[in-house]
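*Asks:* A predicted structure for the sequence below; I have some questions about it.
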Amino acid sequence: MARSSIRRLPRELRAELDRLLSDGQMTIRELTAHLQTLGADVSKSAVHRYSQDFERMAKDIRLAREMAVAIGRELEAVPSGDAGRLAIESLQALLLRARMEIADGEKLKVREVAELARAAKDLSAALKTNVDVEIRIRKQTAEEAADAAEEAGKAAGLTAATIDVIKSQILGIAQRGSP
């Protein structure tokens, strides 16, 4: 498939077109005329096709952002370490790259789609493992804090009942923080 005349434009002209498309203030005819005054050899139909691809990509990016926000809300109660954030960002980058390749007129091969699916599955498993490890760490930290509170309570002369209440509060907080 031949590359679009828009895609062959210098980076600066494409950036200008992208900016104008984002603004949404000009018609296809006005965009074409503007590019032509800047020295671009483009047709109205090429600008129209590019604007359609641009809008599809913009929708995909908005969807990816919305998904990231939704995932973030779901993970708020769960400790979020760097590995978990990296997994989510990596998956988004892979999917965006695949979308950009499709927008460039390149067709994804079946093998590439399978690799993307496998990568998504692996990233999902890595995220789950990361969350499980962080939950174990949280529980272990709470148990250590409860033990330290017990020792401090005994040293301070607290009753066994008071110490048990403090320990149950510490361990209860750890339980409520788990999914």
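*Replies:* Yep, it's here. Residues are numbered from 1 along each chain as shown.
*Asks:* going forward, measure contacts and count neighbours with C-alpha atoms only.
*Replies:* OK.
*Asks:* which of the residues in stretch 114-130 are buried?
*Replies:* 116, 120, 123-124, 126-127, 130 (16 or more other CA atoms under 10 Å).
*Asks:* from those, which land in helices?
*Replies:* Counting by DSSP state H, the buried residues of stretch 114-130 place 116, 120, 123-124, 126-127, 130 in helices.
*Asks:* out of the buried residues of stretch 114-130, which is nearest to His48?
*Replies:* Closest approach to His48 among the buried residues of stretch 114-130 (CA to CA): Leu116, at 30.1 Å.
*Asks:* one step back: dump the buried residues of stretch 114-130 to CSV, plus distance to Lys139 and pLDDT.
*Replies:* Shown next, in CSV, are the buried residues of stretch 114-130 (distance: CA to CA, whole Å; pLDDT from 0 to 100):
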residue, distance to Lys139, pLDDT
Leu116, 35, 69
Ala120, 29, 70
Leu123, 24, 70
Ser124, 23, 72
Ala126, 20, 72
Leu127, 18, 71
Asn130, 14, 73
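*Asks:* where does the chain have low pLDDT?
*Replies:* 1-3, 64, 67-95, 97-110, 112-113, 116, 173-179 (pLDDT under 70).
*Asks:* if you set the cut-off to 90 instead, what comes out?
*Replies:* Within the chain, the segments meeting pLDDT under 90 span 1-11, 14-15, 18, 22-24, 40, 53-150, 152-158, 160-179.
*Asks:* if we can go back for a sec, I'd like the ones in helices among the buried residues of stretch 114-130 laid out as TSV, including distance to Ala46.
*Replies:* Formatted as TSV, those follow (distance: CA to CA, whole Å):
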residue	distance to Ala46
Leu116	30
Ala120	34
Leu123	38
Ser124	39
Ala126	43
Leu127	42
Asn130	46
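*Asks:* same for the one helix or strand Gln169 maps to, what does it pack against?
*Replies:* Using DSSP states H and E, Gln169 sits in helix 160-176. Under the contact definition 3 or more CA pairs under 8 Å, 6 or more residues apart in numbering; DSSP states H and E, helix 160-176 sits against helix 110-156.
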